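K.L.:
Just a sequence and a predicted model for now, questions to come.
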Amino acid sequence: MTTPRPRSPLPPRAVDALLVDTTPWLSCDECFERMDVHVEAVLADPHHHDAAMEHHLLGCAACADEARSLLDLLRSGTA
Amino acid sequence: MTALSRDDLPPPGGGPGTTTRPVPPGGLAGSARTEPVDWVVALSTPGPEQQHALRLLHQLMVRAAAHQVWRLRHALPDDSPAAVEVVVQQAADEAMTALLGKLHSFEGRSRFTTWAFKFAILQASSDVRRLQWRRREVELRDLDLGTIAASDHDDAEHSAEAADLASALARAMSTALTPYQRRIAVALLVDEVPIDVLAERLGTNRGALYKTLHEARRRLRAELTERGYLSPTGGAR
Ligand SMILES: [Zn+2]
């Protein structure tokens, strides 16, 4: 297929990030409030499911990094 | 908090590459037997027990801050051990102040140590990102739609579809978002300015920016669903 295609000012990473479905709504403050309980739950059960937290973490790079760091820290202490 | 012991900095976070085994988060080395049974009571009741609990808490904050700064150290303008230690200590001190201000809100739904760690990680992240961007301009620019018209050529069907979606998304940004929503979305997700850095530069906060981004995403998804680029259940068609 050689049809010229339009270029976009949006790199693929940005497209993915812009289209993340962040519903149900959870604020960064609420994410922070829940983060300790959530991370302990994930550590205890890798299949633990919390849609609001998971969607927030997919859509918020800062909270996602902090949650990952907390998880790593707890894991490093129990390994 | 500066009166508290600063002798407890672990080697950078017990992070990758170090030979020091990290101390379990449930208790610090040799201190498990002296850890308060009830941290909130110990930290809020004046006396020797409070001083002891404050020292233990500061050790926890230093440990978590060191862990996070170590992870992000390559983002620091100066990642020498001495510079890293300064960032760690400042983050630990500030995080401890923040935690003590919210002590009454600890409900015991997680271990106290886990609850405490998150304050230090948040503060350390924010401090590292602020240092990383300290000398960088943050431009609140609009999306450059001029490049949409430029043609390119894709021989893979997959990348042609991806380019179609990206172009449709760029157009949706220009029609479905307010100029402010568009600029915030571009800064955070195209230029990848950290959210707390952007908040500081704009004199707002992380929560307000995330809310703007959430609403922008909701509008974009609705627009692309209506135009047939996204299925009503969520994914790209
Ligand atoms: Zn967030």
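P.N.:
All right, it came through fine.
K.L.:
Can you tell me the closest non-neighbouring residue to residue B:180?
P.N.:
residue B:212 (7.1 Å; Cβ to Cβ, 6 or more residues apart in numbering or on different chains). Where you see a C-beta, it was placed from the backbone N, CA and C, and this is true even at glycine.
K.L.:
Next, the one you found: phi, psi?
P.N.:
phi -60, psi -40 (degrees, to the nearest 10).
K.L.:
Could you tell me which ranges of chain A sit under the pLDDT cut-off?
P.N.:
Chain A contains residues with pLDDT under 70 at A:1-8, A:78-79.
K.L.:
can you pull out the helices in it?
P.N.:
A:12-18, A:28-44, A:51-59, A:61-78 (DSSP state H).
K.L.:
what's the answer for chain B, then?
P.N.:
B:39-44, B:48-72, B:81-101, B:112-132, B:157-176, B:179-185, B:195-202, B:206-226.
K.L.:
Is the fourth one positioned near chain A?
P.N.:
Yes. Residues of helix B:112-132 are located near chain A by Cβ under 8 Å from any Cβ of the partner chain, namely B:114-115, B:117-118, B:121-122, B:125, B:129.
K.L.:
from these, which is closest to residue A:9?
P.N.:
Closest approach between the residues of helix B:112-132 next to chain A and residue A:9, by Cβ to Cβ: residue B:129, at 25.1 Å.
K.L.:
thought the closest one was touching residue B:196?
P.N.:
Yes. Counting by Cβ atoms under 8 Å, residue B:196 is a contact partner of residue B:129 at 6.1 Å.
K.L.:
and the residue lying closest to residue B:179 once chain neighbours are set aside, what does it touch?
P.N.:
Residue nearest to residue B:179 in three dimensions, not counting chain neighbours: residue B:142, with 6.8 Å by Cβ to Cβ, 6+ apart. The contact partners of residue B:142, taken as Cβ atoms under 8 Å, 6 or more residues apart in numbering or on different chains, are B:179, B:182-183, B:186.
K.L.:
Ramachandran coordinates for residue B:142?
P.N.:
phi -90, psi 170.
K.L.:
Domain parsing of chain B, as residue ranges.
P.N.:
B:6-132, B:145-226 (automatic domain parsing).
K.L.:
and the helices of chain B, which one's lowest on average pLDDT?
P.N.:
Lowest mean pLDDT within the helices of chain B: helix B:157-176, a mean of 89.
K.L.:
Fine by me, thanks again.
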